[in-house]
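Trainee: Sequence first, then the predicted structure:
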Amino acid sequence: MKKILESKNWTILLLSILFAGLVSCEDDGDPANDLETEEHAATKQKLIGEWRLVSSTIDGEAVGKEDFSYLKKSTATFNEDNTYKLVYMKRSGNSSSTSIISGTYKVDGINSVTFLDSTSEIELMDGALQITSTSDDNKTQVDIFIRGDSEEFVDDEESNGDLLEEVEEDNDSNPPDDPSFDGSAIISQIQGVWEITGVEDECQKKNTLEFVDSEKVIFTQHKETFNRNDLLKYNVSVNYPLGANFSGVVTKGFNTITFDNTADCQFKKESNLSYLVQDAETILIKEASSLTFKIIDDTTINLIFKYKDEDSKEQIKQYVYTKT
């Protein structure tokens, strides 16, 4: 009888151990495992979405402006189901080619992610996504992406009401010379520097027109700050985040742009334009048909800018300049 009881006791003890093991598997109360799960989830949530390329280097050297003009259109998209797609736009002669890489990814830990089907390395850091890859000729390319909905892409051109983003080369604009009108008197009258008036923004107050000869006018505009949209627009590849003392000069078409985040007005755009005196009141710009100058009197010129809004309706902005 005693042996039977001892046998039952051992059976009960064994069942208790097995049951405890099952409960432990179903509900592991180890705080470290809970933390790992939370960290993985947080990293994944930071990763999911669309990212835009803002900087690219090869063996530590920034990609050239011409190549970057195509490459900057590249995107990286990460989905909830652990799939990803990289769309690289590359220069191919005078046109672009598209390279698409897709597959699955795995979150390894805090800001640590692995491409399961690629030799490229990926890392989340300070709000940016860094993808490092090695080319067939053993060169290391490092691409920096930031989220497509980042505040650094906010379009703020309307904040100052200026033309900084709008006055670009118009290939259809080439007003013919009109030999029937002698504009020599007007040309003599407008020579020199003209300053903008009637604006409140301190940087915009520095905007000027300078008629330097019988054909050329320099249109200078200023803005307090610049963002990634400005850099990408002029094909500037700069590491993320920007350095505290970043500066650079870029020439694009008839525009020369100066970036300097230590200046009071960090963005300066100087447009070297060709003008034509059409009549006693009207000055046309050969490179941009959207711009016209109207002579009001000996000391006042109105700059008139025509554009179409989101509804394709023609709108007009006017700015008044006076002679210094």
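Mentor: The structure has been received and is ready for your questions. Predicted, not measured: the structure shown is a model, and the values here were computed from it.
Trainee: quick one: contacts of the one helix or strand residue 275 maps to?
Mentor: Assigned by DSSP states H and E, residue 275 falls within strand 267-277. Strand 267-277 is touched from outside by 164, 167, 175, 177-178, 181, 183, 186-187, 211, 215-226, 230, 254-260, 283-288, 291, 293, with contacts defined as C-beta atoms under 8 Å, 6 or more residues apart in numbering. (Each C-beta comes from the backbone N, C-alpha and C, glycine too.)
Trainee: got any ranges where the stretch 51-200 of the chain has weak pLDDT?
Mentor: Where the stretch 51-200 of the chain drops to pLDDT under 70, the residues are 155-180.
Trainee: quick one on the thing from earlier: quick one: mark the members of the contacts of strand 267-277 that sit in strands.
Mentor: Using DSSP state E, the members of the contacts of strand 267-277 that fall in strands are 211, 216-223, 255-260, 283-285, 291, 293.
Trainee: Show me the domain layout of the chain.
Mentor: The chain breaks down into these domains under automatic domain parsing: 44-149, 153-323.
Trainee: among those, which is nearest residue 37?
Mentor: Smallest distance to residue 37 across the domains of the chain (C-beta to C-beta): 10.5 Å, for domain 44-149.
Trainee: first to last residue in that closest one, what's the distance?
Mentor: Start to finish, the residues bounding domain 44-149 are 17 Å apart (C-alpha to C-alpha, to the nearest Å).
Trainee: Give me the contacts around the biggest strand by length in the chain.
Mentor: As assigned by DSSP E, the longest strand anywhere in the chain is strand 95-109. Contact with strand 95-109 is made by 36, 39-40, 43-44, 47, 70, 73, 78, 82-91, 113-118, 122, as judged by C-beta under 8 Å, 6+ apart.
Trainee: Number of residues surrounding residue 94?
Mentor: Using other C-beta atoms under 10 Å, residue 94 has 6 other residues around it.
Trainee: Quick check: the gap between it and residue 66.
Mentor: 10 Å (C-beta to C-beta, to the nearest Å).
Trainee: do residue 146 as well
Mentor: Distance, residue 146 to residue 66, using C-beta to C-beta: 23 Å.
Trainee: for residue 154, same thing?
Mentor: In terms of C-beta to C-beta, residue 154 sits 27 Å off from residue 66.
Trainee: Could you export stretch 55-69 as CSV, CA atoms only?
Mentor: Presented in CSV, the C-alpha positions along stretch 55-69 are these (Å, rounded to 0.1, in the frame of the first residue of the first chain):
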residue,chain,number,x,y,z
SER,A,55,22.5,62.1,-49.8
SER,A,56,24.8,59.6,-51.6
THR,A,57,28.5,59.0,-51.3
ILE,A,58,30.9,56.5,-53.1
ASP,A,59,34.0,55.6,-51.1
GLY,A,60,33.4,58.7,-49.0
GLU,A,61,33.1,61.2,-51.9
ALA,A,62,29.7,62.9,-52.5
VAL,A,63,28.1,61.8,-55.8
GLY,A,64,28.5,64.5,-58.5
LYS,A,65,25.8,67.0,-59.2
GLU,A,66,24.8,65.6,-62.6
ASP,A,67,24.5,62.1,-61.3
PHE,A,68,22.7,63.2,-58.1
SER,A,69,20.1,65.1,-60.3
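Trainee: dump the residue contacts of residue 114.
Mentor: Contacts of residue 114 (C-beta under 8 Å, 6+ apart): 105-106, 108, 122.
Trainee: which stretches of the stretch 1-150 of the chain form strands?
Mentor: Listed in chain order, the strands of the stretch 1-150 of the chain (DSSP state E, counting those that start in this stretch) span 49-58, 61-62, 75-78, 83-92, 95-109, 112-115, 121-125, 128-134, 140-147.
Trainee: Mind putting those into JSON lines with distance to residue 303?
Mentor: Below are these laid out as JSON lines (distance: least, C-beta to C-beta, whole Å):
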{"stretch": "strand 49-58", "distance to residue 303": "33"}
{"stretch": "strand 61-62", "distance to residue 303": "36"}
{"stretch": "strand 75-78", "distance to residue 303": "37"}
{"stretch": "strand 83-92", "distance to residue 303": "36"}
{"stretch": "strand 95-109", "distance to residue 303": "35"}
{"stretch": "strand 112-115", "distance to residue 303": "51"}
{"stretch": "strand 121-125", "distance to residue 303": "45"}
{"stretch": "strand 128-134", "distance to residue 303": "39"}
{"stretch": "strand 140-147", "distance to residue 303": "35"}
